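[1] can you look at this prediction? I've put the sequence above it.
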Amino acid sequence: MGSFFIRSGQRSCILLLVLITLSLSSFAQPLLQKRISVTAHNTPINEVLNQIETRGGFYFSYNSDLLDGYKKVNVQLDNQTVEAILNEVLGPGYRYQVSGNHVIIKLASGQGIIFTGQLIEAETGKPIEYASVYEKSLMAGTVTDEQGNFKLHIRQSLPSYELVISKVSYTDTVLRLQQDLAAEKPITLKRSFAELEGVSVIGVQQHWLAKRLINTKERISSINLNGYFAKQPYQFGILPGLSSKNRLKSQTINKFSFNLIGGYTAGVRGFELGTGFNIVQQDMQYVQIGGLFNIVGGKANGVQFAGIYNYVAKDVEGVQFAGVYNNAANVDGVQATGVVSWARKELHGVQASGIGNKAHSGKGAQLTGFANWVDSTFEGFQAAGAINYNEQLDGVQCAGLLNYTREQTDGVQIAGGINITRKVLNGTQIAGLFNYARIVNGTQLGLINIADTSSGLSLGLINIILKGKHSIDITTTEWQPYSIAYKSGNDRLYNIFQVGGNLNDNQKMMSIGYGIGNAIRLGGKTALVHEATFNTIYAGNWNDQNLMGRYQLMFQYQLHPKLRVYGGPAFSVLYHEQQRSYEGFGVPFASRSLSFDMGHNVKAWIGWTLGFSLF
C-alpha cells in the first residue's frame, strides 16, 4: 500500500511538469504566431521592431551587435504572423526564442561568414602588408599580415556584403559578395601615385603617450582609413583593441563611449567616460571624463575632466580640468589645473593653475601660484605668486616677485619686488624695490626707479633717468652759506641729494638732505623751479634731532647749455631738540628776520636761495 502512494505521487509530479511545459509552450507559440499588420517605407530596422512591439504587445531582446539597426527596409504585410514578419524584415539567419513577454532574437546556429585572401601589387606581384580589409556596413575589419594574407570572420548574416580594401598609396578596392570568400587567386591593388605626396601620420598617433597605448592594427587602420568614419550610438571598451564593437572602432564616432580601463575611438559626439583613459583620433564634443588622462587628436568642444592630464592637438572651446596638466593648441574658454596649463598657440579665456600657465599669445586672464609665461602679446590680467613674463602687455600684471615685459607695456605692472619693461612703458609701474623701463611715458613708483628716457614721473627714493637730467648745483642760502647737490631725473620731477654746512668759527653746522624738484619751462632759456627738501642738521651733538623742511620757488636762466643760474624766495620750518649752543657750533634755531614760532621747538621763517647748476 505504501509503495502505491509513492508511485502515485511520482506520477502526479510528472503530470504537473508536463502541464506546466504545455502551458508555457501554449503561451510562447501564440506570441510568435500572433497575426499583426506592419507597413514601413524606407524605415530603419529599429523603428520597424518598435512598431511590431507596439502592435504585438510584447518586447524584443537582442544584442545590438547582431543587427544593423540603422539599415532601412520597405515592408507591407497584412495579417501575418510575427515570425513571418521578422523573417521578412531581418532575412534568414536568425532564430527566435520566447521568454515571458519577450522575444529574444539570436543568430541561427552555424551562421556567419569568413573572408580569406591575399593582396598583392598589380605592378610587381609583391605581397601588400598592413592593408585594411573591412565590411563597410558592419565596420568589421582586419589587417593583412606580412605576406599580404587576411582572414575576416563576420558573425552577422546579410543578403550581401561590401568588402573594402584600403591602404595608403593604393587605390581602394570594393568587392560585393553574397557568400564566403576563399580566393584562389590573389587580389591585386594598383598604386595611386597621386596620393603619395599626401601620406601623413594621424596627429594623435604622434603623441608620446597615445602611440604607446594604441596597438599596431589600430594605428594602421587609422592611417589607411584616415578619410573614412562611421557613426554609432555607443561603444563599450576595455582597452584599445578590446571593445563591444568587433569592428574598426578607431574609425567610429560614438554618442556614448564607456571604457572600463581605456579606449581609442574616432570621435565623440556626446559623452565619454574612461576609468583609466580616453584616446580620440578626431574631435570630441560635449563631455569627456578620464580617471587618468584624455587625449584628443582633433578639437574639443565641451568639457574635459582628467585626474592627471588633458591633451588636445587642436582647439579647445570649453573647459579643461586636470589634476596636473592641461595642453591644447588654441583655447577659447578655461584651463584649470593643479600644476600647469599650456595653450601652445592662442589663449582666449582663463588659465588657472597651482604652479604655472603658458601661452604663445593671449587675451583674458592668467592666475597662478608661481609663474605666468606668454611668448608674445598678452591682453588682459596676469596674477602670479612669483613671476609674470611676456613679450608685450596690454593690461595689468601683478606678481609677488617680478613682472617682466620684453617689448612694450600698455597698462600697469605691480610687483612686490621688481618691474621690468625692456622698451616702452605707457602706463604705471609700482614696485616694492625696483622699476625699470627704457622709455617711460607714464609713472614709476618704487624705492628705485630707472629709465633711459622719460616724459612721465618717477617717484621714489632714487630716480635715475640715464638720458635725463644730471646736474651738480652749488647754492647759498640765508641759513647755510655752502651747499652742493646732485639732481637726477627730468624737468617734470627730479631727485635732489644734498650736503652743506657752515665752516665759520662758532657757527659750524652740517646738513644732509633729500628732496624733489620740478622745472616749468617759461621760454627757450627760462624756467620756474619748485623744490622741496628735507634736511637733518648736526650742530655739535648727534643726540639732538634738528629736522628742517624747506620749499623754494626760483627763477632760472640758462647761460649755456651746461650752465644755469637761479634764485628766489624760500620758506623753512624747523623742529629742534637742541636748546643750547655747543662750543664752536652755531644754533639752527637762531633768530632771523621774518621768522616766527609755530609751536614748542618749532620755528619757521622766510629766506632766500641763490645758486648755479652745471651739466
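    Yep, that arrived.

[2] only C-alpha atoms for contact and neighbour calcs from this point on.
    Fine.

[3] how long is stretch 268-286 end to end?
    Using Cα to Cα, to the nearest Å, the span of stretch 268-286 from its first residue to its last is 8 Å.

[4] from here on, call the first residue 23.
    I'll keep to 23 as the first residue from here, and by that count the last item is stretch 290-308.

[5] and stretch 324-338, which residues are buried?
    Taking 16 or more other Cα atoms under 10 Å as the basis for neighbour counts, the residues of stretch 324-338 that come out buried are 324-338.

[6] next: stretch 526-535.
    529-535.

[7] could you dump those to TSV with distance to residue 413 and secondary structure?
    Formatted as TSV, the entries for the buried residues of stretch 526-535 read as follows, by distance: Cα to Cα, whole Å; DSSP: H, G, I helix; E, B strand; the rest coil:
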residue	distance to residue 413	secondary structure
529	59	coil
530	56	strand
531	53	strand
532	49	strand
533	46	strand
534	43	strand
535	40	strand
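
[8] dump those into TSV; add distance to residue 555 and pLDDT as well.
    Rendered in TSV, the data for those read as follows (distance: Cα to Cα, whole Å; pLDDT from 0 to 100):
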residue	distance to residue 555	pLDDT
529	22	88
530	21	91
531	17	93
532	15	95
533	12	96
534	10	97
535	7	96
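
[9] closest to residue 54 out of these?
    Taking Cα to Cα as the measure, residue 54 lies nearest residue 535 of the buried residues of stretch 526-535, at 109.8 Å.

[10] could you measure from the closest one over to residue 146?
    Shown here: residue 535 relative to residue 146, a distance of 96 Å by Cα to Cα.

[11] how about residue 387?
    Residue 387 sits 60 Å away from residue 146, going by Cα to Cα.

[12] which of the two has more neighbours?
    Looking at residue 387 and residue 146 with other Cα atoms under 10 Å, you find the greater number of neighbours at residue 387, namely 22 against 9.

[13] pull up the pairing partners for the host helix or strand of residue 632, direction included.
    Using DSSP states H and E, residue 632 sits within strand 624-636. Sheet pairing here is set by DSSP bridges, and for strand 624-636 it gives strand 491-499 (antiparallel), strand 585-598 (antiparallel), strand 617-621 (antiparallel).

[14] which ones are touching the spatially most central residue of the chain?
    In the chain, the C-alpha nearest the mean C-alpha coordinate belongs to residue 357, at 4.1 Å (Cα atoms, centre = their mean). By Cα atoms under 8 Å, 6 or more residues apart in numbering, the contact list for residue 357 reads 341-343, 348, 363, 372-374.

[15] any chance of JSON lines for these, columns pLDDT?
    Rendered in JSON lines, the data for the contacts of residue 357 read as follows (pLDDT from 0 to 100):
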{"residue": "341", "pLDDT": "98"}
{"residue": "342", "pLDDT": "98"}
{"residue": "343", "pLDDT": "98"}
{"residue": "348", "pLDDT": "97"}
{"residue": "363", "pLDDT": "97"}
{"residue": "372", "pLDDT": "98"}
{"residue": "373", "pLDDT": "98"}
{"residue": "374", "pLDDT": "97"}
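
[16] picking that back up, list of residues touching the strand holding residue 632?
    Everything outside strand 624-636 that qualifies as a contact, by Cα under 8 Å, 6+ apart, is 493-501, 574, 576, 584-598, 611, 614-620.

[17] so the residue lying closest to residue 573 once chain neighbours are set aside bridges to which residues?
    Spatially, and ignoring its direct neighbours in sequence, residue 573 is nearest to residue 554 (4.5 Å; Cα to Cα, 6 or more residues apart in numbering). When bridges are called by DSSP bridges, residue 554 pairs up with residue 538, residue 573.

[18] kindly report the same for the one 4 residues further on.
    When bridges are taken as DSSP bridges, the partners of residue 558 come out as residue 534, residue 569.

[19] what about residue 101, neighbour count?
    Under the neighbour criterion other Cα under 10 Å, residue 101 is assigned a count of 11.

[20] let me know whether it touches residue 55 as I believe.
    No - under the contact definition of Cα atoms under 8 Å, residue 101 does not touch residue 55, with a separation of 10.6 Å.

[21] any idea how far residue 555 is from residue 246?
    For residue 246, the distance to residue 555 under the criterion Cα to Cα works out to 82 Å.

[22] tell me the contacts of the nearest residue to residue 103 once chain neighbours are set aside?
    Excluding the flanking residues, the one nearest residue 103 by Cα to Cα, 6+ apart is residue 57, at 4.2 Å. If a contact means Cα under 8 Å, 6+ apart, then residue 57 has 101-104 as its contacts.

[23] got the contact list for residue 281?
    When contacts are counted by Cα under 8 Å, 6+ apart, residue 281 touches 258-261, 294-300.

[24] and it, bridged to which residues?
    For residue 281, the beta-bridge partners are residue 259, residue 296 (DSSP bridges).

[25] so where's the stretch 73-222 of the chain uncertain?
    In the predicted model, the stretch 73-222 of the chain carries pLDDT under 70 at residues 85-88, 115, 129-134, 179, 200-206, 215-222.

[26] just the helices in the protein please.
    Counting by DSSP state H, the chain forms helices over residues 24-55, 67-78, 104-112, 232-235, 238-246, given from the N-terminal end onward.

[27] residues in contact with the fourth one: which ones?
    In this case it means helix 232-235. In contact with helix 232-235 (Cα under 8 Å, 6+ apart) are residues 226-227, 262, 301, 317.

[28] out of those, which is nearest to residue 406?
    Of all the contacts of helix 232-235, residue 406 sits closest to residue 317, with 28.3 Å by Cα to Cα.

[29] surely the closest one is in contact with residue 296?
    No - the pair residue 317 and residue 296 does not pass the contact test of Cα under 8 Å, sitting 11.4 Å apart.

[30] measure residue 434 to residue 278 for me?
    Between residue 434 and residue 278 the computed distance is 48 Å (Cα to Cα).

[31] on that earlier part again, which of the contacts of residue 357 are buried?
    Buried by 16+ other Cα under 10 Å: 341-343, 348, 363, 372-374, out of the contacts of residue 357.
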